[in-house]
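> what follows is a predicted protein model with its sequence.
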Amino acid sequence: MDYKCEICQREFKSLASLHRHVKADEKTKLKDFYANILPEKRDLLTGEKIKINSNDQYWKKNFINKDNLYSWMRNPENKEKAKDICYFYLKEQAKKFSLSFSQAELYSSQLPDIDDLDVIFKEDGGYYSVCQNLGMSPRLTEREFSINRSPIEIMIDTREQTPFSFRNLKGVSETPASLVFGDYCAVPPHDGKLVIERKSLGDFVSTFSMKDSLNRFSREVQRARDEDYYIVVLCEESLPMVADVKFGACRATGIAALAGMRQTMQFFDNIQFVFPRIGFEPSFLAERILRMGKSIQNVDLQYLHDKK
Ligand SMILES: [Zn+2]
C-alpha cells in the first residue's frame, strides 16, 4: 500500500513525492486533488463518510471510531487488508519516531492494541518484531514485575487539593509531605524513586495539549530524570473518555493532549502514562503501582491494566 495518484494510477513511496507529482506533472492543485479527484474516505466497517481534517489523515484514517476499527480488524475475512493497513501506518510512524508505541500511545493512533497487532503480525514475529524491522526500538516490552505486599506508607503532596484516600485499603498509611516530584510516593523500604503524577481530565488536557505547559512539564521530567526518578502519569479518566473530550472552541482537546503524551513518551525514558479502565477506581491503581516501584520501568502499565 502506497500513495496513489488517482489520475495516472502511479504509486509513490512518500506523501511529499505524490504531492510534488500532482502539482508538477498533473498540473493540479492539491486542494482540487483531495476535494474532487480522490474518492471520499469511508469507514471500512460501516461505509459512513469519514471527516478528514488534513491531507495526511486522508491516507491514515479508515474508521470513524476505535470500536469500528476493532470490529473490522478482528474479522478474519479482513486479515490481509488489515495487515496492509497496519503495516502502512507503522511504516509512516517509523519515519517520525524511533521507539515502538506503547498500549496507551496505540490507543490514540489509527492502530489496534498490542494483542490485536500481535495476531495481525503473527507470521512476522508479532508487533515488536515488525517495529524493530522498521527501525523503531521496542520499549516497555517486559511482562514481569515485582509487587511488594508488605505495609506501605504513602506520602501525599500537600498541594493536592482533594487527594486520593487510601485509608480503606489494607496495609496502607498516609503521610502529608512536600514532594519534589509528583503527587504520590512511597516511603522506603518501598521504592521511593517512583512517583505518581495524578492528573484530572481537565488537568491532563490542559497540560499536554498546550505548548507552554507541555514545555514546563518536560522540564520537570528532565529534572526528575537527572535525579533518577521515574514518573507515572496517572490520569483519572479512561482513554475513551479522554479521546472524546473537547473544551470549548479552543485547541484543548483530548486528541491533542494524547499527541502531547506521545511526544513526551518518545522523548523521555523515565515516564509513562496510565489510564484506568472505565469504572476502575484510580486510587487502587495508584496503590498498586507504588507497590511495584521501579520494577515497572520496562513494563507497559496500560497493557497490564487492560489485560486484567
Ligand atoms: Zn498522476
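Okay, I see it. The structure presented is a predicted model; accordingly, all values stated were derived computationally and were not measured.
> tell me, what residue is most central in this protein?
The residue lying closest to the centre of the chain (C-alpha atoms, centre = their mean) is residue 105, at 1.6 Å.
> quick one, what contacts it?
In this structure, residue 105 makes contact with 261-262, 265, judged by C-beta atoms under 8 Å, 6 or more residues apart in numbering. Yep, even glycine has a C-beta here, placed from its N, CA and C like the rest.
> tell me which of the residues you listed is nearest to the ion?
Nearest to the ion among these is residue 262, at 33.2 Å by C-beta to the ion.
> run a quick check on the closest one versus residue 106, I expect a contact.
No. Contact criterion C-beta atoms under 8 Å: residue 262 and residue 106 do not qualify, at 9.8 Å.
> please enumerate the strands of the stretch 51-200 of the chain.
Secondary structure of the stretch 51-200 of the chain, counting by DSSP state E, counting those that start in this stretch: strands at 152-157, 172-177, 184-186, 194-199.
> give me the sheet partners of the third one and which way each runs.
Under the criterion DSSP bridges, strand 184-186 sits next to strand 152-157 (antiparallel), strand 194-199 (antiparallel) in its sheet.
> domains in the chain, by residue range?
3-133, 152-307 (automatic domain parsing).
> mean pLDDT and distance to residue 146 for these - can I get that in TSV?
Putting the domains of the chain into TSV (pLDDT from 0 to 100; distance: least, C-beta to C-beta, whole Å) gives the following:
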stretch	mean pLDDT	distance to residue 146
domain 3-133	94	20
domain 152-307	94	5
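> contact residues of the protein facing the ion?
5, 7-8, 26 (C-beta under 5 Å from the ion).
> ranking those by neighbours, who comes first?
residue 5 (19 neighbours; other C-beta atoms under 10 Å).
> show the contacting residues for that one.
11-12, 18, 21-22, 26.
> distance check, it against residue 42.
According to C-beta to C-beta, to the nearest Å, residue 5 stands 20 Å off from residue 42.
> what's the neighbour count on residue 116?
Neighbour count of residue 116, defined by other C-beta under 10 Å: 18.
> same question for the one 5 residues further on.
Residue neighbour count, defined by other C-beta under 10 Å, stands at 20 for residue 121.
> sorry, back to before: now flag whichever of the contacts of residue 5 is closest to residue 61.
Distance to residue 61, by C-beta to C-beta, is smallest for residue 18 among those, at 16.6 Å.
> and the helix or strand containing that closest one, what's buried?
Per DSSP states H and E, residue 18 falls inside helix 15-24. Of all the residues in helix 15-24, those buried under the rule 16 or more other C-beta atoms under 10 Å are 15, 18-19, 21-22.
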